[in-house]
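what's the 3D shape of this:
(one chain, ligands or ions: 2)
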Amino acid sequence: MPKSIFTPSQTIKLRKLHIATVFDLLLHLPTRYQNKTKIESIKNIVPGTRVQIEGVIKQSTVNYRPRKNLIVIIADESDSIQLRFINFYPSQIKDLSEGKKIRVFGEVKKNLFLNEMIHPQYKVLNADDPLPQTFSPIYPTTSGLSQKLLCKLIKKSIDKSIEAKAYIDYFPELYLKRKLPLLMDAIEAIHFPSKDSDIDLFDRKDNFYHHRLIYDELLAQQLFLRGLYHQKKLHLAMPIQFYDQLHHTFIENLEFKLTEEQETVLQDIYSDLKNNHPMNRLLQGDVGSGKTVVAVMAAIQVIKSGYQVAFMAPTEILAEQHFSKIKEWLEPLGFRVDLLRGSMSPSNKKIAQKKIMDGESDIIIGTHALFQEEVIFKNLAFYIIDEQHRFGVEQRIRLRKNNLINKKFEAHQLMMSATPIPRTLSMSYFSDMDISVINKLPPGRQIITTKLFSEERRKDILEIINKEVIGGSQVYWVCPLIEESETLQLETAENTYMVLNKYFKHHEVGLIHGRMKSSEKEMVMERFKNKEIKILVATTVIEVGVDVPNATLMIIENAERMGLSQLHQLRGRIGRGTKKSVCIMLYQKKLSIIAKQRLRTIYENIDGFKISEEDLKIRGPGEFLGLKQSGVPMLRVADIQKDSALLELAKQDADHLIKSKHPSINLHVERWLRNYQEIIRA
Ligand code: ADP
Ligand code: MG
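Ligands and ions are numbered 1, 2, ... in the order given. This is a model prediction of the structure:
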């Protein structure tokens, strides 16, 4: 389809609406409609509604007091009404002179004596001016691009596309089966619904025609992601044996009993590992649901089978913590556990790298440093990525491609996410992976009480802290991430530290933040774990994964600035032991509506899945998943929350089409997903 149907200046304005192609324009859907298909008699109109009327101008006057006004009275057979224009051109005075017949559309307002319309749309009628046969679309637009012009461009594009048969239906048998209309019929009907349509259903995008577009878009998304999924299943991986004895020994030595959910997820993972195709699984579970142990139990099977395992953590603190926990679990079994991280000295790094290359390390825990080109494993068969959203896709691809065993066997991958992803989202955006969910916490966890304190109650907090520490517990005081300035954040944390340090003469106060050297951070965490430090002032570096069960009180400053999942993650640092825990969220007054909504949600909910769903509602999928930056195509028409039924169908159908190797799959994906060739998923 030639782009030349737009003039250069139109092209620039359309760009602002993210319209680059004719198909984009066809998908620029009306947000609502006006009904100009009928004429209401003036007697029957109701104030507060938008109507179309016709009448003859009985009187037309320009008033200058109290303000300049053009007042026009029109009448039909039934009654009369007043039209008022505050801004008008001389030409309009001429247009609206007595005796002319006009058609008017606008909102009716109740005036003292007469109903009136202010600045209605109007049209001077000629002898033959038929009424439109369709509803009139109202589009999202931008300055300099009028509704009228946009509508004209769209109409022209529809007509030309139909004439040129530019958008044929790739899967006619499927649309028939799903009882959906043809693509161009749907597009035409959505832009210009016929006058007997139920327009409410169009406003809600819940009708036969919208369904076709929604389904089509979801089908494209699923064809793309399920295509990747099936493609990855063709790759080769080392099948891992299951050692029953080892499994039981590990469980016997464990300080707790696995929950049923953990057991189920383990079975998923074991059965993936047995395959000679790579596992590609996302393990979701709320904060504290016990994902680590599950991953480690899978890891020992891999090691026992004679291969290496990599365990990636997003921060050094977390890597350190996993390292000491895993060492505790695995060294008694004779496995060699090592740590590799960015901040190591070059010589220590070299030593670690050599051990990895020579196969002297069985499981390597690391930060981003593990993804570096120089790190080559002897025989990596399994990698675990904790907090997957913090790693780039390219990194994972590099790790995998760099470490094929015998140049052809890929490592199995297990990704873990502590931000529970609502089901609809994981079904759509993550359908290139298998998914397991742990949605219950281990038993015996204490409920965390959340309290919201406004700034003014700051002083009360000191006494609350004092009681807690005297009772033998420990406290986190979290200072917010200040996006604009890391220095400012540091300042807040340092000030808080000084204030608390001065106030609590008998309790040790510690400080930890992102600018510290990792050895310093470690020392502070170590002293906090050992209960030497009672009160830890921290920036959000402690957000993920930190596990100190004796900490039972958390103060979060400027909670109104933080996102829901961050607040949930932070709060998940307490309530890990057997003692009751309290989280106090301090907020500045003058909350924005969204901040209020967030605080209410976090106050009312403790379940991460519920919180995620609310978060998704507040932020939308793009922001929620951080996909805007990642290049994964966002949906334009479909709303996965509302359209989950169509999503299920699209997923099923995509799998069928892929299995039958339908020749039009790529065409369909290309039509719907922008830049899809550039999108990478690992
Ligand atoms: P997350 O899923 O957030 O990564 P972790 O794996 O860090 O959670 O587990 C949180 C805490 O719960 C750890 O101290 C872990 O040892 C403990 N834990 C894990 N599974 C169980 C269980 N079945 N019963 C009791 N405690 C458990
Ligand atoms: Mg974790």
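
Spit out the contact partners of the residue in the stretch 551-682 of the chain that ligand 1 sits nearest to.
Using Cβ to the nearest ligand atom, residue 576 is the residue of the stretch 551-682 of the chain that sits closest to ligand 1, at 6.0 Å. No exception for glycine: its C-beta is placed from N, CA and C like everyone else's. Contacts for residue 576 (Cβ atoms under 8 Å, 6 or more residues apart in numbering) come out as 288, 445, 547, 548, 549, 551.

From those residues, which one has the minimum pLDDT?
For the contacts of residue 576, the least confident position by pLDDT is residue 445, scoring 77.

Find the nearest non-adjacent residue to that residue, please.
Excluding the flanking residues, the one nearest residue 445 by Cβ to Cβ, 6 or more residues apart in numbering is residue 575, at 6.1 Å.

If you tally nearby residues, what's the number for that neighbour?
25 (other Cβ atoms under 10 Å).

now do residue 21
Residue 21: 14 neighbours (other Cβ under 10 Å).

ok, so what distance separates it from residue 358?
With distances taken as Cβ to Cβ, to the nearest Å, residue 21 is found 54 Å from residue 358.

before we move on, the earlier item: could you point out which of the contacts of residue 576 is nearest to residue 395?
residue 547 (25.0 Å; Cβ to Cβ).

That closest one against residue 320, yeah?
No. Contact between residue 547 and residue 320 fails when scored by Cβ atoms under 8 Å: they sit 11.3 Å apart.

Looking at the two, which is more packed in?
residue 320 (21 against 16).

Pull the helix or strand that contains the more buried one out as PDB, backbone CA atoms only.
Secondary-structure assignment from DSSP states H and E places residue 320 in helix 316-330. What follows is helix 316-330, C-alpha atoms only, in PDB (Å, rounded to 0.1, in the frame of the first residue of the first chain):
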ATOM      1  CA  GLU A 316      25.800  -8.600  45.400                       C
ATOM      2  CA  ILE A 317      24.000  -8.700  48.700                       C
ATOM      3  CA  LEU A 318      21.700 -11.300  47.300                       C
ATOM      4  CA  ALA A 319      24.500 -13.300  45.700                       C
ATOM      5  CA  GLU A 320      26.400 -13.300  48.900                       C
ATOM      6  CA  GLN A 321      23.400 -14.500  50.800                       C
ATOM      7  CA  HIS A 322      22.500 -17.300  48.300                       C
ATOM      8  CA  PHE A 323      26.200 -18.300  48.400                       C
ATOM      9  CA  SER A 324      26.300 -18.800  52.200                       C
ATOM     10  CA  LYS A 325      22.900 -20.600  52.200                       C
ATOM     11  CA  ILE A 326      23.800 -22.900  49.300                       C
ATOM     12  CA  LYS A 327      27.200 -23.600  50.800                       C
ATOM     13  CA  GLU A 328      25.500 -24.700  54.000                       C
ATOM     14  CA  TRP A 329      23.200 -27.000  52.100                       C
ATOM     15  CA  LEU A 330      25.600 -28.400  49.500                       C
END
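
The chain should start at 57 in everything you say after this.
OK, 57 is where the count begins now, so the last one is helix 372-386.

Residue 303 contacts residue 354, doesn't it?
No. If you go by Cβ under 8 Å, residue 303 and residue 354 don't touch, sitting 10.1 Å apart.

The two: which is more packed in?
residue 354 (25 against 16).

Taking helix 372-386 as reference, get the angle to the helix or strand hosting that one.
In this structure, residue 354 sits in helix 347-360 according to DSSP H and E. If you take axes from the mean of the first three to the mean of the last three Cα atoms, to 10 degrees, helix 347-360 sits at 60 degrees to helix 372-386.

what's next to helix 347-360, contact-wise?
Contacts of helix 347-360 (Cβ under 8 Å, 6+ apart): 296-299, 302-303, 306, 310, 314, 318, 321-322, 325-326, 329, 339, 341, 364-365, 367, 378, 381-382, 385-386, 389, 391, 418-419, 437-438, 440, 442, 468, 470, 472, 474, 494.

Give me the buried entries from those residues.
Burial by neighbour count, 16 or more other Cβ atoms under 10 Å: within those this picks out 296, 303, 306, 314, 318, 321-322, 325-326, 329, 339, 341, 364-365, 367, 378, 381-382, 385-386, 391, 418-419, 437-438, 440, 442, 468, 470, 472, 474, 494.

Next, the buried residues of the biggest strand by length in the chain.
For the chain, the longest strand by residue count, based on DSSP state E, is strand 106-119. For strand 106-119, the neighbour count (16+ other Cβ under 10 Å) marks 107, 108, 109, 110, 111, 113, 116 as buried.

that older thread, restricted to helices, list the buried ones among the contacts of helix 347-360.
303, 306, 318, 321-322, 325-326, 329, 378, 381-382, 385-386 (DSSP state H).

out of the residues you listed, who's nearest residue 672?
Among those, and counting by Cβ to Cβ, the member closest to residue 672 is residue 321, at 23.2 Å.

Which residue comes closest to that closest one once chain neighbours are left out?
Per Cβ to Cβ, 6+ apart, closest to residue 321 is residue 492, 4.5 Å.

again, but for residue 573
residue 399 (7.0 Å).

what are the phi and psi values for whichever residue of the stretch 107-256 of the chain sits closest to ligand 1?
Per Cβ to the nearest ligand atom, residue 234 is where the stretch 107-256 of the chain lies closest to ligand 1, at 39.4 Å. Backbone torsions of residue 234, given as degrees, to the nearest 10, read phi -90, psi 10.

Now tell me which helix or strand of the protein has the poorest mean pLDDT.
Every helix and strand in the chain was compared by mean pLDDT, DSSP states H and E; the lowest is helix 683-686, with a mean of 55.

Near the residue nearest to residue 573, how many other residues are there?
Neighbour tally, residue 399, other Cβ under 10 Å: 14.

before we move on, the earlier item: want to throw the buried residues of strand 106-119 into JSON lines with pLDDT and distance to ligand 1?
Rendered in JSON lines, the data for the buried residues of strand 106-119 read as follows (pLDDT from 0 to 100; distance: Cβ to the nearest ligand atom, whole Å):
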{"residue": "107", "pLDDT": "94", "distance to ligand 1": "58"}
{"residue": "108", "pLDDT": "95", "distance to ligand 1": "60"}
{"residue": "109", "pLDDT": "95", "distance to ligand 1": "64"}
{"residue": "110", "pLDDT": "94", "distance to ligand 1": "68"}
{"residue": "111", "pLDDT": "94", "distance to ligand 1": "70"}
{"residue": "113", "pLDDT": "95", "distance to ligand 1": "73"}
{"residue": "116", "pLDDT": "93", "distance to ligand 1": "73"}
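
Just give me the closest of the residues you listed to residue 584.
Nearest member of the buried residues of strand 106-119 to residue 584, counting by Cβ to Cβ, is residue 107, at 69.2 Å.

Just list whatever residues bridge to that closest one.
residue 162 (DSSP bridges).

Keep the ones in helices among the buried ones among the contacts of helix 347-360, but drop any that are not near ligand 1.
Among these, the ones lying near ligand 1 by Cβ under 6 Å from any ligand atom are residue 318.

Tell me the helices and strands packed up against the top helix by length along the chain.
Using DSSP H, we find that the single longest helix of the chain is helix 264-288. Under the contact definition 3 or more Cβ pairs under 8 Å, 6 or more residues apart in numbering; DSSP states H and E, helix 264-288 sits against helix 239-247, helix 479-485, helix 700-715, helix 721-728.
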